[in-house]
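Trainee: Turn this into a structure:
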Amino acid sequence: MTADLGKYTDLHLFAKAFPERYYQMGMAEQLLMGAAAGLAHEGAQPFVTTYAVFATRRAYDFMHQAIAEDNLDVKIVCALPGLTTGYGLSH
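Mentor: Numbers count the residues shown, from 1 in each chain. Alright, predicted model coming up:
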């Protein structure tokens with residue numbers, strides 16, 4: 001699962017090989033975490049990826065309340081800490 005970053009986190013390779021297992025959630029990390037929680041509630045083991053700066057800002061409440069509070073098995077993989085990247089201040 002990704003939030004519009006498949007190209008930048010190399011998930012486009014996974015999407016090509018396993019299109020039925022790839023979820024593109026758009027630029028909405030909150031939705032990404034909430035959907036992952038829903039899949040985990042149903043017995044799936046979702047892996048989500050986004051930039052660290054996006055996961056630790058607006059998506060954090062969803063990670064806490066939808067995933068951690070229910071002790072769900074969701075793997076969260078982040079890249080780019082947002083301090084020294086060349087993608088600008090928002091990244």
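
Trainee: other SSEs contacting whichever helix in the chain runs longest?
Mentor: Ranked by residue count, the top helix of the chain under DSSP state H comes out as helix 29-41. In terms of contacts (3 or more CB pairs under 8 Å, 6 or more residues apart in numbering; DSSP states H and E), helix 29-41 is packed against strand 47-51, helix 52-55, helix 60-62. The way it works is simple: take the backbone N, C-alpha and C, and place the C-beta from them, glycine included.

Trainee: Report the buried residues of the helix or strand following the shortest one.
Mentor: If you walk from helix 60-62 toward the C-terminus, the next helix or strand you reach (DSSP states H and E) is strand 75-79. The neighbour-count criterion (16 or more other CB atoms under 10 Å) identifies 76, 78 as the buried residues of strand 75-79.

Trainee: go on, stretch 48-56?
Mentor: Neighbour-count burial for stretch 48-56 [16+ other CB under 10 Å]: 48-55.

Trainee: which outside residues touch that stretch?
Mentor: Here stretch 48-56 makes contact (CB atoms under 8 Å, 6 or more residues apart in numbering) with 1-3, 5, 9, 11, 29, 32-33, 36, 59, 63, 74-82, 90-91.

Trainee: same question, stretch 6-19
Mentor: 2, 5, 21-22, 24, 49-50, 79.

Trainee: would you turn those into CSV with pLDDT?
Mentor: Compiled in CSV, these are given as follows (pLDDT from 0 to 100):
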residue, pLDDT
T2, 93
L5, 85
R21, 94
Y22, 95
Q24, 94
T49, 90
T50, 89
A79, 78
